[in-house]
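# my questions are about this predicted structure, shown below with the sequence.
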Amino acid sequence: MAQNKKVYTESSVENFVEKINDPQKRMDSAALIKLMETATGEPAKMFGSSIIGFGQYHYKYASGHEGNAPLLGFSPRQSAISLYVYSGGDEQRHLVDQLGKFKIGKACIYIKRLSDINMETLNQLMRETIRFIENTYTRIKE
């Protein structure tokens, strides 16, 4: 049975953010940390080497693949900030349509900067994501 290769680490979130070269991404990362900590009630932790995650849940697919993943998370990558806040459900589509300027992938939303998106819509999207995860999978309380 395949296991998730990414796990929470003991690496410092603060050190990771300090090393971001782009000052705007550094500021946006600090703002996202506050937003996601508030939304989840969980502290920021490094998930793998480049994702900042908040909280965690256990998933198991029909294929047998299972693992743990953050409730919410983001990664300040070179080309864009990847937001892990979207489950792809129809109940979230109206929020995604109101988000602002972004690109969407299978498991995340890509933004250039926080000022490109509607922050209230992002907050609603995070709440909907958490609700979906809690209703579908097992949230792990630490």
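The structure has been received and is ready for your questions. Residues are numbered from 1 along each chain as shown.
# please point out which parts of the helix-or-strand element of the chain with minimal mean pLDDT sit buried.
None of the helices or strands of the chain scores lower by mean pLDDT, DSSP states H and E than helix 90-97, at a mean of 84. Buried residues in helix 90-97, counted by 16 or more other CB atoms under 10 Å: 92, 95-96. Backbone N, C-alpha and C define where each C-beta goes, glycine included.
# ok, stretch 35-44 next?
Those would be 35-36, 39-40, 42, 44, for stretch 35-44 by 16+ other CB under 10 Å.
# what does stretch 135-142 give?
Quick answer for stretch 135-142 (16+ other CB under 10 Å): residue 137.
# could you do stretch 63-78 as well?
Result for stretch 63-78 [16+ other CB under 10 Å]: buried residues 67-76.
# what does stretch 19-26 give?
20, 25.
# closest to residue 140 among the buried residues of stretch 63-78?
Closest to residue 140 out of those is residue 68 (6.6 Å), distances taken as CB to CB.
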